[in-house]
Structures are given as C-alpha cells and as structure tokens.
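[1] have a look; sequence and predicted model below, questions after that.
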Amino acid sequence: MKIAVLGASTTKFGELWDQSPRVLAKKAVFEAISKSGLGTRDIEAIFVGNMLSGILGGQENLGPLFADELGIFCPAFKIEGACASGGLAAHNAINSILGGQYKTVAVLGIEKMTDHKPEEVASGLMAAGADEEREAGATFVSLYALMARAHMEAYGTTEREMAAVSVKNHFHASLNERAQFNKLVSLEQVLSSPKIADPLKLMDCSPVSDGASAIVISHDRFTGKVIDPVWIVASSVATDTLALSQREDLTSLRAVRLAAENAYKAAGVSPSDVDVAEVHDCFSIAEIIACEDLGFFGRGKAAREIANGKTKLGKGRPVINPSGGLKACGHPVGATGVKQIVEIATQLRGEADERQVKKAKIGLTHNVGGSGAIAVIHILRS
Amino acid sequence: MVGIVSYGAYIPKGRIKIAEIARVWGKSPEEITRSLGIEEKAIASFDEDAATMAVEAAWQAIRRAKIPATSLEAVYIGSESHPYAVNPTSTIVGETLGLGNDYLSADLEFACKAGSAGMQVVWGLIESKKIKLGLAVGSDSSQAKPHDALEFTAGAGAAAYVLGINEKDWIAKIIDFVSFSSDTPDFWRRDGISYPTHSGRFTGEPAYFCHVLAATQKLLQKTKLTPSDFDHCVFHMPNGKFPREVAARIGFSPKQLEMSLIVDKLGNPYSASSLLGLAAVLDQAKPEKRIFFCSYGSGAGSDAFIFETTRELVKRRESGKSIGKLMAEKRYISYVEYLKQTRKL
C-alpha cells in the first residue's frame, strides 16, 4: 500500500478561547490544502476525527458541519474512537482511497475542550472507559496511575524516570511554536508538582487543549503534479478489552503490540529502522510503555533509556515526540492522531526547522484510545 | 471636583486556615497555600451578612467624618451577596444608620467591583451638584460550594467611603477614573442558585488580566502618568497571585503594592476586596501621595481610579480601627464551624 500525504497542517494548540471549532477547522484544512498544491474542488471526502463535540458542545453531525464551513460539499463523516479518533479518521480515509471510492480526501482532527469545566471534561473523557470504571469513580489519570504502579513494581521504574519524559517533551515543545507549552521544565519541577493520582503528578499529565490538525492524502497515482509527497506505508488498528481490569498485563498494551506488529509487517520495516516517532504520551508512563510495546526498547528498559536521553532530539534514536507530544504540544483529543501524522510528515520532508530530526527517513505515529482499548499505528516514509 | 471625606471598614472575626480546608479535602495544605498565596480567610458569623457588615463599615466612616448621618444624601451598596433578591440592602443600611428619609439609594451588583461602581455613581451625583455628601459601600459574605476551588478564597468584609464636595474635608482627592467593560462570562450565579459557577483558568487571562490591564492602560494614557508617578497601588485581590502579577506586568514595584495586600490573611471579600486594600493604604499613606487603584468584577469590568492623599487624612484616620487592627482581631474556627456559620449545615 502507498498513500501520499500531499499537505499537512496544524493550528497552534492551547487554550484557544477566542477561536471556535469552525475557525480552527478552516485554518487547519485550508493550510493543508494550500500546502498540497491542490484546490478545494479536488477534495472528494472529509473524514473528521473528534470525540467530545456531542458530550461537551451538544453538537454532532460534524461531517456536514465542517463541509458547510469549508464550502466543500462532499461526503463527510465523523469518526470517533476516544483519544484515537484522529488516527482512526486517517485510517478510514486511507481505506476509502485503497478501496477505490475516492482519490483525494482531507482528514481533520479537531477538539474544543477548554471552554468547559474541568470536571465536565474529565467526566466526558470517561465516556471512553468501561461502565464499571465510571461507577467506581475512576478517571483516566487514575487508570494510568495503576499502570504506572504496576510498571514500577515489575521493572523498578521510578518517578524520576517518568518525570524525565515530561522534561524531554517540554524541551521539544520549546522548539515548536504551535505547541501549547513552550517553556522548559526541570525534573524537580515535575517531581514537586501536585499529585493527581499517585504516583502521577500534574506534570506527568497531558493538558486539556483546543486545536485542529489536517492532512490531505491521495492515491499514489495522483501525485505527479504536486510537490514531493511523504508516503504512508502502513495504517493499522487493533482493539483490546475496554476495561483495564480485564487485561492480562497492566505493564503493556496488547492493542499497541498487535497494531505495531501488523504495521511493521505491512511497511516492511523493523523498530530499529524508525528514525522518529510521535507516541501517545497522555501520561508520562504511557510514553515509557509505548516505547516498549513498539519495540524501540526491551520490556522494562525504556524508562532508563529515555531518562538517559536516548530519545531526545540531537542525542539519540529514535527521537520520540519531537512536537512535544501530548504532554507539551497539547492534547485536543480528536486532533492528536492527525497532529502526529502532520509532525512526522513535516519531519520526513525536512521542514521541521529547529526541531528537525536529521536524516529522518522513516517515522511512526502511535495513537491510543481509552486506557489502551484501541490503538492506531501509522508508518510513514519519505 | 470630588474627594473622599472618610472611610470605614469591617472585617468579621472568624478566620479559617486555608490549610484546614485543604486537609478536609485531601489536598496538600502547603501546595494550596503556596499556589493561591493565601494563608487564611475571614468568615462572617452566623448573624452577619452583607447588610450588617455594610452598617459596621459605614458607621466607622461616619464617625471618622464627624458628620451627622442625616447629612448623607445617597447610599449605594455594592455586593454580590445582598441578603434579599428583592428588598434593598441600601435602605436597611440607611435606616440602621439613621439617615432619615431624605436620601436616594440603590443596590448595585457587579461581582467583585460593585463597590467601586458605587463610588462612581456617588461621584457623578456630587460632580453634577445634585448632592453634597454620599456613601458608597462594598460588602460581601461571598459564597463557595464545599470542595469548589472558590472555597479556598471566598471571604467576607466591608469597606465604606463617604465622598463629598467640600475640598477642606477631603482626605484624598479623586483625580480621575475610567472603566473598561465587556460581556465576558468568567463567573456567574443565577437568581435562586446558592453557589456561583466559574470557568476555571478562563477567569485569569481573558477575564481578570484583560480588564485590569485595559482599564489601567486607559487611565495611565488619559492622565499621561506612568507607574513611577505613584507612591502606592491597589488591585482587586481574588487570590494572592493575581494582584502581584498584574502589578508587576504594569510596572509597579512590590513596594508600591505591599500596603494594599490584605488578601494573604483575609482571602477575597469580593466587593470589599480592592476597597479594603485602599483603606489599608489610607491607614498608612503620608499626605500628598498618589495612589493607583483598579478593581475587577467578573462578567466583566474594571474601574481604575487615581487618588491623591491630603493633609486632612492624617488627622481624620486617627479615630476608628485601622485595617491592621481589624485583621488582628480574630478567632480561628474549624471547618465544621465554618460550615455552620455559612449555613451549609
């Protein structure tokens, strides 16, 4: 399979109180179309990745809403898969091209969260969990705290090593003008931040964010008249039990391992071939587990490697989360999966300016929904 | 021109430590105290409300002015905790103070800035020569839902200001003022609802900072003055961080701000917050000193004033309790007593 990313764009992520979802969508999609060298009439379908518009905003029917706003009246769909909504929208868009239905489509990932009260957002996000988790009063930070504790007990992972993930991602975000947080943080600042769900502290957690990201993708036969594309060479989805309590192992996500295995096979690459990856660091422990499930490091080894700078820009390979990741670039949940593809495409084109990973040829995105109930992996090549 | 003739304050004696509230809810007392910059807050007693506290503050202002209560021709009470939805606090206060019947009055509500709005209304009546003396009060026993973030800050208190036309009576001249208003939904409470709703971090940049900075810049530009032209500054104090940060952003030094910072030990008594800060400055400032003042009310708006103290201030402030003394008169209460006193039990 070969799908061309012709254009990719993201808005700034953050507390965008003065920008509506309509404004954000227009910014992201029109910039992606503009970069692709195509026109709006070339877009044959729009796939919208979004999770919370109905719960928080009382607004569904996002396909026609954004088709209308963009003035592109074509088939349009909302795809929902919790925090993996963006990656899933891309997966469905790719399938629609591979199935021969469309030649060129736009994928929009979008979320507006900061207009709502924190307790409403936390409760809305738990719609991605299992009913018994909601009844128990669990939130996602508490579920990931259980995973962190299990990882600490199994492998001796420390709070300091987890904090190093946030420090590294803030460093990367300091080089990304579209990131929510551009400030460096120290290990001590992370470790002394307020506890949210022990052992996870405030600065182990990704923020609540607004933002939109978009890509324009097409069949390989369509790329002759536009700029050199970046290729999506694998798109893989896997699912697991909805409830964390039903998993065999709390230190690893089976959905990620399955999706990654299929993606590596489809792309004909191995984990050691990956130069740069955007992984789903909704919490610092999630990046550690991701690096192990994706095969970048052995089980129980990632925390130390990350703390030693092995995944930091300019220090090692693969560079993980050059955008700043969910932690520091921000996590507008429906946008995240698309933003990951935007970042990797930007890196593989060599257009990432200060945060450019040198000689990046192969990149990977890892987008997770719930506490690991669904995972979407994309592999891209220049 | 119009000037401040007198001022008075009231702070209820009940205090609860922020650490006590934090402990009840399983929060780190050190973290909460540090992040909000507040150590304790004042709580109205079971038999106190915005009306009784307004009376206490106004009494002190009238005594300080050495004027008969009947000489006050207008009373405006600014509060977001008026005891009645319908039935004016201002007439309860006027009756209790013995103003007679020949005064005009109304209640004002503008979240935390209704008191300074009252001063502007009284200023207008005096400037237009409709009246010679008028009273503006900011008084609040503010509400906070248990376990809401507001519970750490919402306090109680009142401050009263008598404004007048006769220059020889002024303790401070009102040099100028401006306002900056917008429809910004950062904090609200519908009629019949017990506790306010607020928009978390939205109450910061687009609300407090936007309006305080805009009103301040507008007044500084209008008067062609800069922060270094002032001896003291006063800002609304929703917590300990915001006034310090906004003062620094504008270019005021910690020394210019320090006299006004009542928030660390009193919390946020809403309509009385900035007016108590001003009273604390008037308690200590020397004659012929310039004071910059800016209130903030959610919803949202800011009133920025420039005051200049006179020689009369030093004589007149001798009578009555200073803010320092009122702050020192306190009795610590437990969280359960706090729930009882604020009628949550």
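    Thanks, I have it. All of these numbers come straight from a predicted model, not from anything done at the bench.
[2] okay, now the closest residue to chain B within the stretch 101-250 of chain A: neighbour count?
    Closest approach between the stretch 101-250 of chain A and chain B, counting by CB to the nearest CB: A:P194, at 5.1 Å. C-betas here are computed from N, CA, C, even on glycine. Burial of A:P194, expressed as a neighbour count using other CB atoms under 10 Å in any protein chain shown, amounts to 13.
[3] distance of A:P332 from chain B?
    15 Å (CB to the nearest CB, to the nearest Å).
[4] what does the model give the closest residue to chain A within the stretch 1-150 of chain B for pLDDT?
    Using CB to the nearest CB, the closest approach of the stretch 1-150 of chain B to chain A is made by B:E31 at 5.1 Å. In the prediction, the pLDDT value recorded for B:E31 is 87.
[5] that one: which element?
    For B:E31, the element it lies in under DSSP states H and E is helix B:29-36.
[6] with B:V122 instead?
    When the helices and strands are read off by DSSP H and E, the one containing B:V122 is helix B:114-127.
[7] and that helix, what does it pack onto?
    Helix B:114-127 makes packing contacts with strand B:74-78, strand B:104-108, strand B:133-141, strand B:156-164, strand B:172-184, helix B:273-284, strand B:299-309 when contacts are defined by 3 or more CB pairs under 8 Å, 6 or more residues apart in numbering or on different chains; DSSP states H and E.
[8] might one say that the residue of the stretch 1-150 of chain B closest to chain A is in contact with A:K201?
    No - in this structure B:E31 lies outside contact range of A:K201 using CB atoms under 8 Å: 10.6 Å.
[9] more neighbours, those two?
    The residue with the greater number of neighbours, taking B:E31 and A:K201 and applying other CB under 10 Å, is A:K201; the counts read 23 against 15.
[10] next, count neighbours for the residue nearest to the more buried one when sequence neighbours are not counted.
    Computed as CB to CB, 6 or more residues apart in numbering or on different chains, the closest residue to A:K201 that is not its neighbour in sequence is A:S193, at 4.5 Å. Residues lying near A:S193 (other CB under 10 Å) number 18.
[11] can you check the pLDDT for A:S193?
    For A:S193, the pLDDT comes out at 93.
[12] check contacts around it.
    Counting by CB atoms under 8 Å, 6 or more residues apart in numbering or on different chains, A:S193 makes contact with A:K201, A:L202, A:M203, A:D204.
[13] rewinding a little: overlap of the contact sets of B:E31 and A:K201?
    Residues touching both B:E31 and A:K201 by CB under 8 Å, 6+ apart: A:P194.
[14] now A:A238: which helix or strand?
    With elements taken from DSSP H and E, the one containing A:A238 is strand A:230-239.
[15] got the domain boundaries for the chain?
    No chain in the question, so chain A it is. With automatic domain parsing serving as the domain definition, the record reports that chain A contains domains spanning A:3-117+A:209-230, A:137-206+A:231-381.
[16] meant chain B, my bad for not saying
    B:3-170+B:324-341, B:172-314.
[17] residue contacts, residue 156?
    In the absence of a named chain, this looks at chain A. If a contact means CB under 8 Å, 6+ apart, then A:G156 has A:G300 as its contacts.
[18] my question was about chain B, not that one.
    Taking CB under 8 Å, 6+ apart, we find B:A156 in contact with B:I11, B:P12, B:A42, B:I43, B:A44, B:E48, B:M53, B:D140, B:S141, B:S142, B:P269.
[19] near chain B, which residues of the stretch 1-150 of chain A?
    By the rule CB under 8 Å from any CB of the partner chain, the part of the stretch 1-150 of chain A lying against chain B is A:E15, A:W17, A:D18, A:T114, A:D115, A:K117, A:P118.
[20] hang on, the second one packs against B:F202?
    Yes - A:W17 sits in contact with B:F202 when judged by CB under 8 Å, with a separation of 6.2 Å.
[21] who has more neighbours out of those two?
    B:F202 (19 against 16).
[22] backbone dihedrals for the more buried one, please?
    phi -60, psi -20 (degrees, to the nearest 10).
[23] ok, for it, nearest residue in space, not its chain neighbours?
    Skipping the residues right next to it in sequence, B:F202 comes nearest to B:D186 by CB to CB, 6+ apart, at 5.4 Å.
[24] if we can go back for a sec, what residues are up against the residue of the stretch 101-250 of chain A closest to chain B?
    A:P194 touches A:K201, A:L202, B:S28, B:E31, B:S35, counting by CB under 8 Å, 6+ apart.
[25] give me the distance between the closest residue in space to the fourth one that isn't next to it in sequence and A:F283.
    Excluding its sequence neighbours, the residue lying closest to B:E31 (CB to CB, 6+ apart) is A:P194, at 5.1 Å. Using CB to CB, to the nearest Å, we find A:P194 at a distance of 15 Å from A:F283.
[26] again, but for B:N166
    If you go by CB to CB, the gap between B:N166 and A:F283 works out to 66 Å.
[27] looking only at neighbour counts, state which of the two leads.
    For B:N166 versus A:F283, the count of surrounding residues by other CB under 10 Å is larger for A:F283: 28 against 10.
[28] next, count neighbours for the nearest residue to the more buried one once chain neighbours are set aside.
    The spatially closest residue to A:F283, leaving aside those adjacent along the chain, is A:Y144, at 4.2 Å (CB to CB, 6+ apart). Residues within reach of A:Y144, counting by other CB under 10 Å, total 25.
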